[in-house]
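Colleague: using only what follows, build the 3D model:
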Amino acid sequence: MRTLLTLLLIGWSFCTWAAELRWGFAKADGMPYVDVHEQQLRGGFIYQLGQQASQRLGYEARFVEVPNKRIDEFMQRGRIHVICNNNPQWMEKPERYHWSPPLYSEEDVLLLHRQQAPINSLQELHDTVLGTQLGYVYSAELMDAFAKQLVTRKDLRDLRSGINLLKKQRLGAIIDMRRPLSFQLSQQPDAPLQLNPWVIERYDMHCTYSPQLPVSAEQLDRVLQELRDQGVIAQLLKQI
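Modeller: Below is the predicted model of the structure:
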């Protein structure tokens, strides 16, 4: 009887684990993508997308924080099954993974102090201390400027701390995705900051699947594409 009970418990534990779809997220992405409290993802676009896609597949969504430099490790070991808000050019070996269809677009722009003149080219960015995300890959031209020390890269703990430095003019500018920057500005309407009009790079955003994904890649592709084509993704991005 004890042996049977043990086997039943093991089987139950396996079924519980198998019914879990683990979504990675990067805290540094910030709102409207991730809303993190006490190291747990509580809201934002990634939370909503993960919940809706998991439900359609019959899985429970679990969210796991992943440092940018450890995405490959987490994916290969199956600590996460999916990570979204991603692009193949940001991964060292993107061919190792299955990528979803493009789900929405983003663009890298600059946040400036209002006393700073607009910046319209990479050359005008030379000799600037630029606030960046740790482990984040930018356009090839900007990465080359970092390598040649034409632009000084300063990795920030998070966007909020970078904004505080920019307010004090201890940074020349911050580079980030437009949505998080716009969200932060909406929360601080009196801040002496402004979005720069120059779009440094525009790109599509995808989800990346672990080789240990518990459903077929085709199934997850279908669900995510349905959410995109039915306007659900656009609505989520608009609401948050």
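Colleague: ok, then the element right after the helix or strand bottoming out on mean pLDDT in the chain?
Modeller: Taking mean pLDDT, DSSP states H and E as the measure, the chain has helix 2-18 as its least confident helix or strand, at a mean of 44. Using DSSP states H and E, the next helix or strand after helix 2-18 towards the C-terminus is strand 20-25.
Colleague: what segments of the chain are helices?
Modeller: Taking DSSP state H, the helices of the chain run over residues 2-18, 45-57, 71-77, 140-147, 159-167, 178-187, 217-229, 232-239.
Colleague: which one of those has the poorest average confidence?
Modeller: Mean pLDDT is lowest for helix 2-18 among those, at a mean of 44.
Colleague: as CSV, the helices of the chain with mean neighbour count and distance to residue 110 would be great.
Modeller: Heads up, the C-betas are built off the backbone N, CA and C, glycines and all. Shown next, in CSV, are those (neighbours: other C-beta atoms under 10 Å; distance: least, C-beta to C-beta, whole Å):
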stretch, mean neighbour count, distance to residue 110
helix 2-18, 9, 44
helix 45-57, 20, 22
helix 71-77, 17, 25
helix 140-147, 14, 11
helix 159-167, 18, 10
helix 178-187, 16, 9
helix 217-229, 16, 29
helix 232-239, 14, 21
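Colleague: so which of the ones you listed comes closest to residue 88?
Modeller: helix 71-77 (12.3 Å; C-beta to C-beta).
Colleague: ok, residues contacting that closest one?
Modeller: 24, 64, 66, 79-80, 83, 86, 91-93, 96-97, 208, 210-212 (C-beta atoms under 8 Å, 6 or more residues apart in numbering).
Colleague: hmm, try it at 6 Å
Modeller: The contact list for helix 71-77, computed with C-beta atoms under 6 Å, 6 or more residues apart in numbering, reads 66, 80, 210.
Colleague: who wins for most neighbours among the residues you listed?
Modeller: residue 80 (26 neighbours; other C-beta atoms under 10 Å).
Colleague: that one: what's its closest spatial neighbour, skipping adjacent residues?
Modeller: residue 24 (3.7 Å; C-beta to C-beta, 6 or more residues apart in numbering).
Colleague: mind checking how far the one you found is from residue 62?
Modeller: Per C-beta to C-beta, to the nearest Å, residue 24 is found 10 Å from residue 62.
Colleague: neighbour count for those two, which is higher?
Modeller: residue 24 (27 against 14).
Colleague: state the pLDDT value of that one.
Modeller: At residue 24, pLDDT is 97.
Colleague: who does it bridge with?
Modeller: Note on residue 24: beta-bridge partners by DSSP bridges are residue 64, residue 83.
Colleague: check contacts around it.
Modeller: 64, 66, 80, 83.
Colleague: contacting residues around stretch 31-42?
Modeller: Residues contacting stretch 31-42 (C-beta under 6 Å, 6+ apart): 25, 27, 43-47, 63, 85, 179, 183, 240.
Colleague: tell me the domain boundaries of this protein?
Modeller: 18-104+203-239, 107-202 (automatic domain parsing).
Colleague: out of the helices of the chain, which gets nearest to residue 119?
Modeller: The nearest among the helices of the chain, by C-beta to C-beta, is helix 140-147 at 12.0 Å.
Colleague: which residue is nearest the centroid of the protein?
Modeller: residue 85 (4.1 Å; C-alpha atoms, centre = their mean).
Colleague: could I get the contacts of stretch 31-42 in CSV, plus columns for distance to residue 103?
Modeller: Converted to CSV, those look like this (distance: C-beta to C-beta, whole Å):
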residue, distance to residue 103
25, 15
27, 21
43, 19
44, 15
45, 10
46, 11
47, 15
63, 18
85, 9
179, 13
183, 19
240, 15
